[in-house]
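Chemist: I would like the atomic coordinates for the input below:
(chains A and B)
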2 protein chains.
Amino acid sequence: MSTDTLACPAREEIHIETVLHALADSVRLEIVRQLARGDEIACGALDVPVSKSTLTHHLRILREAGITTTRQQGTIRLQSLRRADLDLLFPGLLDGVLAAKR
Amino acid sequence: MSTDTLACPAREEIHIETVLHALADSVRLEIVRQLARGDEIACGALDVPVSKSTLTHHLRILREAGITTTRQQGTIRLQSLRRADLDLLFPGLLDGVLAAKR
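Modeler: Below is the predicted model of the structure:
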């Protein structure tokens, strides 16, 4: 099965303002919380109260900000968190965000 | 001389989305960086390339998000970072943001 990674910024192209803006949304924060639990998640397995097209929009914002990567595997898109990159660039940021009460 | 603190949210009213949105701006990030160096700073002593009215706008967003407090002392407004509150609510967040390259 072919696997392809959708375009996303290299680590050195990730900007703090863009990351903060992408995280400043309750749906996107919830996606990040679910991805932070572990490994890759298929889009359809993310539990968020939005339509499929809205979810696609939020996932694109997260990916373009450098927060997530998207891997296309056949007809499935797998999301994962770029935790290593974010922890290297902004140590503590992701943990602080995940520590927030909902 | 009379001293008064301008209205700002109590610690338990500070929300992560609002904080992230307030930080997701290059001017406000620069204000936070300057406040993070130490103690209170008078508005006029903040070194940011914006007009006085724009600065007032940015300071209000930071204050209303719970990131800063503003103390009026006579004709001077003194800004300070609510580091203790932010570190308690979102441990690591502020350090991660401050670690970001400009």
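
Chemist: Go ahead and flag the most central residue of chain A.
Modeler: Centroid check for chain A by Cα atoms, centre = their mean gives residue A:68 as the closest residue, at 3.3 Å.

Chemist: Surely that residue touches residue A:35?
Modeler: Yes. With contacts counted by Cβ atoms under 8 Å, residue A:68 reaches residue A:35, the gap being 6.5 Å. (Each C-beta comes from the backbone N, C-alpha and C, glycine too.)

Chemist: list residues touching both of those two?
Modeler: Listed as contacting both residue A:68 and residue A:35 by Cβ atoms under 8 Å, 6 or more residues apart in numbering or on different chains are A:79-81.

Chemist: what's the neighbour count on residue A:79?
Modeler: Counted with other Cβ atoms under 10 Å in any protein chain shown, residues neighbouring residue A:79 total 22.

Chemist: and it, what are its bridge partners?
Modeler: With DSSP bridges as the criterion, the beta-bridge partners of residue A:79 are residue A:41, residue A:70.

Chemist: How much space separates it from residue A:52?
Modeler: The spacing between residue A:79 and residue A:52, counted by Cβ to Cβ, to the nearest Å, is 14 Å.

Chemist: Now do the shared contacts for these two.
Modeler: A shared contact of residue A:79 and residue A:52, defined by Cβ under 8 Å, 6+ apart, is any residue touching both; here these are residue A:43.

Chemist: Rounded mean pLDDT for stretch A:50-59, please.
Modeler: Per-residue pLDDT values over stretch A:50-59 give a mean of 96.

Chemist: how about that stretch, does it reach chain B?
Modeler: No. For stretch A:50-59 and chain B, the contact criterion (Cβ under 8 Å from any Cβ of the partner chain) is not met; the two come no nearer than 13.4 Å.

Chemist: Let's see that stretch as PDB, backbone CA atoms only.
Modeler: Extracted as PDB, the C-alpha positions of stretch A:50-59 are listed here (Å, rounded to 0.1, in the frame of the first residue of the first chain):
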ATOM      1  CA  VAL A  50     -17.700  18.700  14.100                       C
ATOM      2  CA  SER A  51     -18.600  17.700  10.600                       C
ATOM      3  CA  LYS A  52     -16.000  15.900   8.500                       C
ATOM      4  CA  SER A  53     -15.300  19.000   6.400                       C
ATOM      5  CA  THR A  54     -14.800  21.200   9.500                       C
ATOM      6  CA  LEU A  55     -12.500  18.500  10.900                       C
ATOM      7  CA  THR A  56     -10.500  18.500   7.700                       C
ATOM      8  CA  HIS A  57     -10.100  22.300   8.000                       C
ATOM      9  CA  HIS A  58      -8.900  22.100  11.600                       C
ATOM     10  CA  LEU A  59      -6.500  19.300  10.700                       C
END
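
Chemist: Show me what counts as buried in that stretch.
Modeler: By 16 or more other Cβ atoms under 10 Å in any protein chain shown, the buried positions in stretch A:50-59 come out as A:55, A:58-59.

Chemist: returning to what we had before: can you tell me which of the shared contacts of residue A:68 and residue A:35 is nearest residue A:15?
Modeler: The nearest member of the shared contacts of residue A:68 and residue A:35 to residue A:15, counting by Cβ to Cβ, is residue A:81 at 17.6 Å.
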